[in-house]
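>>> structure for this input, please:
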Amino acid sequence: MKKNATKPAAVIATAANDGVFGIHRINEIRPSPDNRKRFNQLALKELADSIKSIGVAQPILIRPVAPTADAPERYEIVAGERRWRASIIAGIEVIPAMVREMSDREAAMIRILENLQREDPHPLEEAIGYEQLMLQFGYNADQVADEIKKSRSYVYGRLKLCALTNDVRELFLDNKISASTALLIARIPVPALQAKALDEVINPKNAYPAGEPLSYRRAVEHIQSRYMLDLTTAVFPVSDGKLLAAAGACTKCPKRTGNQPEVFSDIKSADVCTDPDCFGEKKAAHFAKVVVTANKKGVPVLEGAEGKIALQNTWQRDSELVRGDQAIWSFERNAPSTKNNGSVIDFLDERTLPPVANYFKNDDGTVIAFYDRQAIQQALEKVGACETVEQHSERMSLIVNAPKTEAQIAKDIAETELKEARLKLLKEENAFRLSLYKRFRDRAANGLSLDSLREFVKLILLDNNDYSLPSDILDVYGEANHSDDDVCAYIDNASLQEVQLILVDLVLGECLQVDSWDLDNGQIQSDDRFETLSRMARIEGIDPATVREQLYPSPIVTSGMQYDDLVKFIRISPERINELAKAVIADASRFDLIDALERAAKSAGFVYAAGGFIIAGTDGEHTPAAAVAAAETVPVGQRNEQSQKVVKTINSTKGKAKTAVMAPVEAWPFPRSPEIAIDSHDDTLPAEIEVTPAAEVSEPLVTEEIV
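Alright, predicted model coming up:
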């Protein structure tokens, strides 16, 4: 039975003082590895200065431990590590301490409570402390609230912060975001989306002033509009067909997932809007209608600074005005039936809500209704969501004065034993999973098997994240829409090469298309995925700058060119060699480039004949430069269907050869299997390219007309 699980902090602290007081050398004391890792260095320096002046006013609490080779100290700190650290900074060698024999469990309990009872613990440190009390010692939220003398709602608000990913936690601990913003991020259940949302909040595009993060209000709006487009939470009536006549009612709209289940088979909810623009227009129309109605009824509509101040104050417990989405725990005397969950509008409807006190109109046209807090409190009491003062006092009196029967005592013991059994089960399961993963990791060190990789790729596809196949962008997936089940069925029969390509498509597919929000001052902002794609392309011998140049050629400027520039140009854009020749010939000031161009072209395998450059062939046949370049400059794995059919070598000694193309899987036509690797030095041509004969002796580049 857990005796400390319900023991008040004061009792534990008193028990801890039943030890032996003494003065101990600092170098004989070590900190606990389980204690908090972050300390305010400025505050430590101030404490060190105080210790230099007057010494340590309150002894620290330590316990005897067995010295080891790595940790030879005889004692471990249970409470007071901050004083111990400041004493080291102050340069003193001894510190007053109370020594007490205690188990690891007792020390952990005191350490957690001591950290929680500091004057200024970080909200996340608080949350982690509460979580430790619940996981390690079987506390529930009510017991935690009683232990720290805080409200149950306060504890739940802090505990939600434990859902933050590690990256977001680090920024939060460094005070880069506020507790309210951190709580917004914590409510997003997908780790990858947490990181994305946080980046959009602290590094917003087109922000004004530039470089500043979104305010809390803006962060709320951004996250709700971008990540929670749910019709069940729409501010406008979804069944109103007159609100936006051109669109009609959402309940009958074909863009609602529930109205076309065969098209949206992968969307579980029937009430998801797939047209954000229409959704936004309906919101705007609704808010415009609210303002018109408010003006008719004489209800004030606040704007500008006055409204912003009122909006900020609504999140405080003592604010006079509250919102409809105000959390129920921010009101007095929540009824046990509410379990401290939900908001005002979850318990009050149009019939029971009090009149709107005033509205606040945001800069973007959205409107928020404000209600009088006392009126909302009374309305919640009428519907039983909150207790009256008398009801609450009576219930508390019954709880405090009710004697426990033997059955209740037995029940408490049984609950405690059950909690211990659950903790044991969790501990064993965690140990088992860790052991299994380590063994799997050791086996996978030499590479995953194809079957294991298939399972991993299917997890990435099906897991609740933002990874999806870019079938709407990549033409390798054909025109049909494939469900996740179809993709998984295909993966089960795909080759290692194809599974790897699907994995790459899943992870990098999101960076293949940019939208208006990716523009900043006329420039497209890059992201981590595209930067990774660019680095991988370079590793594989593909220069992104060359690809861009081939897609969107720059104007040829010959004024500053030299021989090396010509060689580089022909290597990157061989199909433009005749365009380069015209530019060189047209530049009357650079006759020196004509000879350099001919030498550069010759070094690349071109000769000048029949009024333009062609590829020189040893069998007397030549091919136009543009046709050759169109086939040869594209990497083997990326050539189109035309260049995959048949290839012909320039060197007549090699004769004719055909590319071997892997047959696609019969069950499903994507992704197209890349052709078997061909030697990059094998100069090949599409079969349909016409071979143009040339004179036995190539014509000189400089003609009589030019001279």
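
>>> low-confidence ranges in the stretch 451-600 of the chain?
Residues of the stretch 451-600 of the chain meeting the criterion pLDDT under 70: 464-466, 475, 478-481, 588.

>>> same thing but at 90, please
Counting by pLDDT under 90, the ranges of the stretch 451-600 of the chain that qualify are 451, 457-491, 493-538, 540-600.

>>> and the helices in it?
The residue ranges that make up the helices of the stretch 451-600 of the chain, judged by DSSP state H, counting those that start in this stretch, are 484-491, 496-508, 528-539, 544-551, 563-572, 577-586, 592-603.

>>> turn these into a markdown table, including distance to G324 and mean neighbour count.
Heads up, the C-betas are built off the backbone N, CA and C, glycines and all. Output for the helices of the stretch 451-600 of the chain, formatted as a markdown table (distance: least, CB to CB, whole Å; neighbours: other CB atoms under 10 Å):
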| stretch | distance to G324 | mean neighbour count |
| --- | --- | --- |
| helix 484-491 | 37 | 16 |
| helix 496-508 | 40 | 17 |
| helix 528-539 | 39 | 13 |
| helix 544-551 | 51 | 13 |
| helix 563-572 | 62 | 16 |
| helix 577-586 | 66 | 18 |
| helix 592-603 | 74 | 18 |
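
>>> turn those into a markdown table, columns for distance to A86.
Supplementary listing: these in a markdown table, determined by distance: least, CB to CB, whole Å:
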| stretch | distance to A86 |
| --- | --- |
| helix 484-491 | 57 |
| helix 496-508 | 48 |
| helix 528-539 | 41 |
| helix 544-551 | 54 |
| helix 563-572 | 64 |
| helix 577-586 | 73 |
| helix 592-603 | 73 |
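
>>> right, so of those helices, which gets closest to D442?
Smallest distance to D442 across the helices of the stretch 451-600 of the chain (CB to CB): 21.3 Å, for helix 496-508.

>>> what's that closest one packed up against?
When contacts are defined as 3 or more CB pairs under 8 Å, 6 or more residues apart in numbering; DSSP states H and E, helix 496-508 packs onto helix 450-462, helix 484-491, helix 528-539.

>>> change it to 6 Å
Helix 496-508 is packed against helix 450-462, with contacts defined by 3 or more CB pairs under 6 Å, 6 or more residues apart in numbering; DSSP states H and E.

>>> ok so, going back, nearest to A444, of the helices of the stretch 451-600 of the chain?
The closest of these to A444 is helix 496-508. By CB to CB, the value is 14.5 Å.

>>> between helix 484-491 and the closest one, find me the angle.
In terms of direction (axes from the mean of the first three to the mean of the last three CA atoms, to 10 degrees), helix 496-508 departs from helix 484-491 by 150 degrees.

>>> hmm, who's touching helix 496-508?
Defining contact as CB atoms under 6 Å, 6 or more residues apart in numbering, one finds that helix 496-508 is touched by L450, L453, R454, V457, I460, Y467, L469, R529, L533, P671.

>>> residue contacts, L214?
Each residue near L214 by CB under 6 Å, 6+ apart is listed here: V201, P204.

>>> and the pLDDT at it?
Looking at L214, its pLDDT stands at 82.

>>> assign it to one of the three secondary structure states.
coil (DSSP: H, G, I helix; E, B strand; the rest coil).

>>> what is the neighbour count of L243?
By other CB atoms under 10 Å, the residues close to L243 number 19.

>>> so how far is K282 from it?
In this view, L243 and K282 are 6 Å apart by CB to CB, to the nearest Å.

>>> likewise K45?
Remark: distance between K45 and K282 (CB to CB) = 57 Å.

>>> now D595
Distance, D595 to K282, using CB to CB: 70 Å.

>>> which residues touch the helix or strand hosting I223?
Secondary structure from DSSP states H and E places I223 in helix 216-227. The contact list for helix 216-227 (CB under 6 Å, 6+ apart) reads S180, T181, L184, A197, V201.

>>> can you check stretch 389-398 too?
The contact list for stretch 389-398 (CB under 6 Å, 6+ apart) reads R333.

>>> please put the alpha-carbon coordinates of that stretch into CSV.
Once side chains and other backbone atoms are set aside, the C-alpha atoms of stretch 389-398 remain, and they are given as CSV (Å, rounded to 0.1, in the frame of the first residue of the first chain):
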residue,chain,number,x,y,z
VAL,A,389,-22.3,28.4,-2.9
GLU,A,390,-24.8,26.5,-0.7
GLN,A,391,-24.7,23.3,-2.8
HIS,A,392,-20.9,23.3,-2.8
SER,A,393,-20.6,23.9,0.9
GLU,A,394,-23.1,21.1,1.7
ARG,A,395,-21.3,18.6,-0.6
MET,A,396,-17.9,19.5,0.8
SER,A,397,-19.2,19.1,4.4
LEU,A,398,-20.6,15.7,3.6
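
>>> average pLDDT for that stretch?
Within the predicted structure, the mean pLDDT of stretch 389-398 is 90.

>>> got the domain ranges for the chain?
The record's domain parsing of the chain by automatic domain parsing lists 3-197, 213-259+271-398, 403-446, 448-541, 551-693.

>>> right, and those - which one's nearest K205?
Of all the domains of the chain, domain 448-541 sits nearest to K205, with 5.4 Å by CB to CB.

>>> that closest one spans what distance, first to last residue?
The first and final residues of domain 448-541 sit 26 Å from each other (CA to CA, to the nearest Å).

>>> check the offset of it from the chain's centre.
Centroid separation between domain 448-541 and its chain, computed with CA atoms, centre = their mean, to the nearest Å, is 17 Å.

>>> please apply the same query to stretch 423-442.
What separates the centre of stretch 423-442 from the centre of its chain is 27 Å, taken as CA atoms, centre = their mean.

>>> with only the CA atoms kept, save that stretch in PDB.
Written as PDB, here are the backbone C-alpha positions of stretch 423-442 (Å, rounded to 0.1, in the frame of the first residue of the first chain):
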ATOM      1  CA  LEU A 423       2.400   0.600 -12.600                       C
ATOM      2  CA  LYS A 424       4.100  -2.800 -12.500                       C
ATOM      3  CA  LEU A 425       2.400  -3.700 -15.800                       C
ATOM      4  CA  LEU A 426       3.500  -0.400 -17.400                       C
ATOM      5  CA  LYS A 427       7.100  -0.800 -16.200                       C
ATOM      6  CA  GLU A 428       7.300  -4.400 -17.500                       C
ATOM      7  CA  GLU A 429       5.700  -3.500 -20.800                       C
ATOM      8  CA  ASN A 430       8.200  -0.500 -21.300                       C
ATOM      9  CA  ALA A 431      11.100  -2.800 -20.500                       C
ATOM     10  CA  PHE A 432       9.900  -5.400 -22.900                       C
ATOM     11  CA  ARG A 433       9.400  -2.900 -25.800                       C
ATOM     12  CA  LEU A 434      12.800  -1.400 -25.200                       C
ATOM     13  CA  SER A 435      14.400  -4.800 -25.200                       C
ATOM     14  CA  LEU A 436      12.600  -5.800 -28.400                       C
ATOM     15  CA  TYR A 437      13.500  -2.600 -30.200                       C
ATOM     16  CA  LYS A 438      17.200  -2.900 -29.200                       C
ATOM     17  CA  ARG A 439      17.400  -6.500 -30.500                       C
ATOM     18  CA  PHE A 440      15.600  -5.400 -33.700                       C
ATOM     19  CA  ARG A 441      18.000  -2.400 -34.000                       C
ATOM     20  CA  ASP A 442      21.000  -4.600 -33.700                       C
END
